[in-house]
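with the input below, show me the fold.
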Amino acid sequence: MIWNATMEQGSRSQIEELQLTRLRKVVERTYHNVPSYRAKMQAKGVKPEDIRTLADISKLPFTTKQDMRDAYPYGMLAVPMKQIVRVHCSSGTTGRPTVVAYTRNDLGVWAEVLARTLVAGGLTDSSIFQVAVNYGLFTGGLGFHYAAELVGASVVPISGGNTARQVMLMKDFGTTAMIITPSYSLHLAETMREMGVKPEDTALQSIFCGAETWSDSMHDQVEETYGVKAFDVYGLSEIIGPGVACECSAHDGLHIQEDHFYTEIIDPESGEVLPDGAKGEVVITTLTKEGLPMIRYRTRDLSALRRERCACGRTQTRMDRVLGRSDDMLIIRGVNVFPSQVEDVLLSLGETTPHYQLLVEREGSLDKLTVLVEKANGLVDGSPEAVRAAEHRVQERMKAATGLSPLVRLVPPKTIERSEGKARRVIDKRAM
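Prediction:
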């Protein structure tokens, strides 16, 4: 199903013509209304009138999360504060939070792109949609709530956590679709089993997952656990929140809402723009956001772009599932490792659960990686010899996949802390 055929199935020339018109307007607006942008453009010798083609976007400076922290709280607004009707922000656990602000029109854009997302995953005005991600300063809950209402679905706004109640309401209210983080979806499934509730006892038809990087293997695990289709939702608070790109029924990449977001892939080191198909860092420019426009925002997410028409009929550029984040990459003894690589290995063997943590420590001058993962199937009550053999198999598979031989420890079920939001996959003790 398609929510907005004009924008989701337009020709490449139509899409790019609209993008250029909107790009020139947003550059003009930020240059005149945001002093920090104007200073950065002047430092590069760029003026709004220099943007004549889409390729000219490469002349513009990048924006980073540090720029937003430096401008805390409202230094990057492009409109007067009286036009801002809502403010969200990050948790700020590593310093000042990044503040994002919305005009009334911005909230309309957000609901629109998320409505496209939900409809791509089968949501209709007959659906009962359970919101199992947090409301409040986090951009997830409210965004999905208003988008589902725009589609006409009935919304169950339970928010994150309260897992046993999630199961009860899912069953009693006849929930047909839900938004949840991938890791919390598996915790929810555990609780369902403990309560004697099977997926087939519910009316669930689809699951939307976002807010975390998750591997193809984790995607398959969620689908197998619930017996329904799972849909990847991509977004960032700094850009608008979830809804920047979404997976469709073809499950062949995520469709970027190109009438609102212009996306590039760059080399993370040099900043040079890479061709379609090349893996690199995702950079996004907002084309319609009024309150807090972003010019060439460096997301740190790693992916690649493809422009061929999708089997679902959409013509939008697609991005591959995010491989990981450049700032989440672990460098262990000179080897680059992403948590998603570890996740793929663990789920491919079938002897462990998706619940794991990576512990990074320093012994003397050398780094040490320990993979803690819960046992599954026959290993739960297996002999010490069987467990050690399984640990060795995981270690060998890890070596083949990453070139690294970590210490692997299979631990009893429920040993790894469960998350009701974003899972904490990495504990890095090197800086302690």
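
make it CA atoms for all contacts and neighbour counts henceforth
OK.

quick one: buried residues of stretch 210-221?
By neighbour count on 16 or more other Cα atoms under 10 Å, the buried set for stretch 210-221 is 210-219, 221.

how long is that stretch end to end?
15 Å (Cα to Cα, to the nearest Å).

can you give the contact residues for that stretch?
If you take Cα atoms under 8 Å, 6 or more residues apart in numbering as the criterion, stretch 210-221 is touched by 140, 179-182, 230, 232-235, 242, 321-324, 340-341, 343-344, 347-348, 354, 422-423.

out of those, which are buried?
Buried, going by 16+ other Cα under 10 Å: 140, 179-182, 230, 232-235, 242, 321-324, 340-341, 343-344, 347, 354, 422-423, out of the contacts of stretch 210-221.

those residues in strands, which ones?
179-180, 230, 232-235, 242, 324, 354 (DSSP state E).

nearest to I266, of these?
G324 (14.8 Å; Cα to Cα).

contact partners for that closest one?
213, 301-302, 338-340.

just S348 next, same as before
With Cα under 8 Å, 6+ apart, S348 has these contacts: S217.

the stretch 1-150 of the chain: helices as residue ranges?
5-8, 12-33, 35-43, 65-70, 104-120, 140-151 (DSSP state H, counting those that start in this stretch).

out of the ones you listed, flag the one nearest T163.
helix 140-151 (16.1 Å).

what about that closest one, distance to the chain center?
17 Å (Cα atoms, centre = their mean, to the nearest Å).

in helices only, show me the buried residues of stretch 210-221.
216-219, 221 (DSSP state H).

ok, A203 - contacts?
A203 neighbours (Cα under 8 Å, 6+ apart): 171, 174-176.

narrow those to those in helices?
K171.

just the contacts of A203 now: which is nearest R24?
T176 (42.0 Å).

so for that closest one, what's the nearest residue that isn't a sequence neighbour?
L204 (4.0 Å; Cα to Cα, 6 or more residues apart in numbering).

give me phi/psi at the one you found?
phi -60, psi 130 (degrees, to the nearest 10).

what's the local residue count around the closest residue in space to G152 that isn't next to it in sequence?
Distances taken as Cα to Cα, 6+ apart put D125 closest to G152, at 4.2 Å, once the chain neighbours are dropped. Neighbourhood size, D125 [other Cα atoms under 10 Å]: 14.

what about stretch 257-273, start to end distance?
20 Å.

I meant stretch 380-389, not that one.
14 Å.

show me the contact partners of that stretch.
Counting by Cα under 8 Å, 6+ apart, 379, 410, 412-413 sit against stretch 380-389.

now these in CSV, with distance to L359?
Putting the contacts of stretch 380-389 into CSV (distance: Cα to Cα, whole Å) gives the following:
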residue, distance to L359
L379, 22
L410, 13
P412, 17
P413, 18
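
filter these down to the buried ones and hand me the ChimeraX line.
Here is the ChimeraX selection string for the buried members of the contacts of stretch 380-389, based on 16+ other Cα under 10 Å:
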select :379,410
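
now for the contacts of stretch 380-389: which two are most distant?
L379 and P413 (10.3 Å).
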